[in-house]
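Trainee: Give me the fold of what follows.
(one chain, ligands or ions: 2)
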Amino acid sequence: MKIIAADVIVSSPDRNFVTLKLTTDEGITGLGDATLNGRELAAATYLKEHVAPLLMGRDPHRIEDTWQFLYRGAYWRRGPVTMAAIAAVDVALWDIKAKAAGMPLYQLLGGASRNGIRAYGHASGRDIPEIIDSVREHLELGYKSIRVQTAVPGIDSVYGVAAQSAEGGIRYDYEPAQRAALPAEEDWDTRAYLRHIPTVFEAVRNEFGPELPLLHDGHHRMTPMQAAKLGKALEPYDLFWLEDCTPAENQDALRLVRQHTTTPLAIGEVFNTVWDYQTLIREQLIDYVRSAVTHTGGISPMKKIMDYAAQYQIKSGIHGPTDISPVGMAAALHLDLAIHNFGIQEYMRHGDLTNEVFEQSFTFEDGYLHPGNEPGLGVELNEEAAAKHPYTPAYLPFNRLKDGTVHDW
Ligand code: KDG
Ligand code: MG
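Mentor: Ligands and ions are numbered 1, 2, ... in the order given. All right, here's what the predicted structure looks like:
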């Protein structure tokens, strides 16, 4: 079999997505996701101009060789644009291989290690009654684990909090990227946040009892000592994890946080390679790996990260926000089902337009996801529907402190 075409489709149903479609001379096609929130055209151009021509005529079965060729052959390694592009190729090749085998992809990764994939959803609110409503709505939808984000008194808009009021019903509307020519500016005050957040978890625990796994995302906003203080303050509420408590580049920070708290730590949605985890895994400074298949070079390196992590009882918590397309989500689900050290899967749910463009066979029932049993990934691109939604500039917001200093977002 040979690759005869590599098409890059940028579409914007609900939000922007970058999709790679590989076609073989035997008529089998494969899809990969290279969506890079706010930098979509960089990943699309890298794929179109620098990767697609290299793939023509290659044997799609040689997944590892193609991965090494794209990674080592470029000389310029790592980085989100490069790794999103390589991820799209890797996932599309796994899709082709599994379709050629007539099997769902998870069968080629070792087969199912579980019956379903535990997922967590995103609850949020502007005050405690709204948060409690939002948690309850997620429980009614079947979610068995819930991330809780909260507005902070004195700060206008805060990461992870849906802008719409609870009257609108189910709160799946939190989408950080906004369609605009320039990124929106938000404000931030870490001390106000640190004072407020334990009161929110106390209220949620009191309302829902000790069983419900609760998660929280600090979104890189604290110093190591602030994160240590928060981890300690949240210990009575027994979090499933505290995510991205400090900026991910400073890995030594986690050593300090670890010395002060037993709250489990998750990190890695902005990491690109197994090397980003070398110290964190070896020194057991984290409990969950948060990378996305889409941003870490694909299924092949994610499997390597998780096999390394397994030796230290570190589990997966694969990134699954709306800026991972259904193709990237499906890739994560096949891996989640197959690996032994699965922890949890983030599942934010896409909108109706997105689901029309990406025809999916994965399911969410009674709080558990399953990739389905179609050969390959189980996702097909409706190109006609995709063409109706051209790229629209959209950016993540950014933060300034009260004195105007740019802060981590
Ligand atoms: O593109 C950035 C988003 O994916 C990110 O803000 C979402 O932090 C996030 C999460 O945990 O899902
Ligand atoms: Mg996050």
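
Trainee: in the stretch 251-400 of the chain, what residue is nearest ligand 1?
Mentor: P321 (3.6 Å; Cβ to the nearest ligand atom). All C-beta spots, glycine's among them, are computed from the backbone N, C-alpha and C.

Trainee: For that residue, grab the count of nearby residues.
Mentor: By the criterion of other Cβ atoms under 10 Å, P321 has 18 neighbours.

Trainee: wait, isn't it in contact with Y347?
Mentor: No - counting by Cβ atoms under 8 Å, P321 does not reach Y347; the two are 9.5 Å apart.

Trainee: still on that earlier bit, apart from its chain neighbours, what residue comes closest to the residue of the stretch 251-400 of the chain closest to ligand 1?
Mentor: What sits nearest to P321 in space, not counting adjacent residues and going by Cβ to Cβ, 6 or more residues apart in numbering, is M348, at 5.1 Å.

Trainee: What of T261?
Mentor: Spatial nearest neighbour of T261, excluding adjacent residues (Cβ to Cβ, 6+ apart): G231 at 3.1 Å.

Trainee: so how far is ligand 1 from that neighbour?
Mentor: 17 Å (Cβ to the nearest ligand atom, to the nearest Å).

Trainee: From here on, call the first residue 560.
Mentor: All set: I'll call the first residue 560, so the last point we hit is now G790.

Trainee: Mind listing residues that contact the one helix or strand that residue maps to?
Mentor: Per DSSP states H and E, G790 falls inside helix 783-793. By Cβ atoms under 8 Å, 6 or more residues apart in numbering, the surrounding residues in contact with helix 783-793 are 749, 753, 756-757, 760, 775, 777, 781, 801, 804-805, 809, 811-813, 815-816, 818-822, 824.

Trainee: Check the burial of the residue in the chain that ligand 2 sits nearest to by counting its neighbours.
Mentor: As assessed by Cβ to the ion, ligand 2 sits closest to D776 within the chain, at 4.3 Å. Counted with other Cβ under 10 Å, the neighbours of D776 add up to 21.

Trainee: got a list of what the closest residue to it other than its chain neighbours touches?
Mentor: For D776, ignoring the flanking residues on the chain, the nearest one in space by Cβ to Cβ, 6+ apart is E802 at 4.3 Å. Residues in contact with E802 (Cβ under 8 Å, 6+ apart) are 774-778, 824-826, 828, 847, 849, 876.

Trainee: Okay, and which of those residues map to helices?
Mentor: With DSSP state H as the criterion, helices contain none of the contacts of E802.

Trainee: So which of the residues you listed belong to strands?
Mentor: 774-776, 824-826, 847, 876 (DSSP state E).

Trainee: For the longest helix anywhere in the chain, buried residues please.
Mentor: Across the chain, the longest stretch assigned as helix under DSSP H is helix 639-660. Going by neighbour count (16 or more other Cβ atoms under 10 Å), the buried part of helix 639-660 is 639-659.

Trainee: got it, and stretch 911-922?
Mentor: Neighbour-count burial for stretch 911-922 [16+ other Cβ under 10 Å]: 912-917, 919-921.

Trainee: same thing with stretch 853-873?
Mentor: Applying 16+ other Cβ under 10 Å to stretch 853-873 flags 853-862, 864-865, 867-868, 871, 873 as buried.

Trainee: For it, give the mean pLDDT please.
Mentor: The predicted model gives stretch 853-873 an average pLDDT of 98.

Trainee: can you check stretch 777-792 too?
Mentor: Mean predicted confidence for stretch 777-792 is 98.

Trainee: which outside residues touch stretch 704-714?
Mentor: So stretch 704-714 is in contact with 677-686, 690, 694, 697-698, 716-720, 733, 746-748, 751-752, 755-756, 759-760, 763, 771-776, 799, 903, 905, 926, going by Cβ under 8 Å, 6+ apart.

Trainee: Could you rerun that using 7 Å?
Mentor: For stretch 704-714, the surrounding residues in contact (Cβ atoms under 7 Å, 6 or more residues apart in numbering) are 677, 679-686, 690, 694, 697, 717-720, 746-748, 751-752, 755-756, 759-760, 763, 771-776, 799, 903.

Trainee: Any of those residues buried? List them.
Mentor: Buried among those (16+ other Cβ under 10 Å): 677, 679-685, 690, 694, 697, 717-720, 747-748, 752, 755-756, 759-760, 763, 771-776, 799, 903.

Trainee: In strands, which of these fall?
Mentor: 677, 679-684, 747, 773-776, 903.

Trainee: I'd say H878 and S850 touch.
Mentor: Yes - H878 is within contact range of S850, at 6.3 Å (criterion: Cβ atoms under 7 Å).

Trainee: any shared contact partners between these two?
Mentor: With Cβ under 7 Å, 6+ apart as the test, H878 and S850 both reach E828.

Trainee: that older thread, ok, of the contacts of helix 783-793, which come out buried?
Mentor: Buried among the contacts of helix 783-793 by 16+ other Cβ under 10 Å: 749, 753, 756-757, 760, 775, 777, 781, 801, 804-805, 812-813, 815-816, 820, 822, 824.

Trainee: Flag every residue of the protein that's near ligand 2.
Mentor: The chain has residues 776, 828 near ligand 2, with proximity defined as Cβ under 5 Å from the ion.
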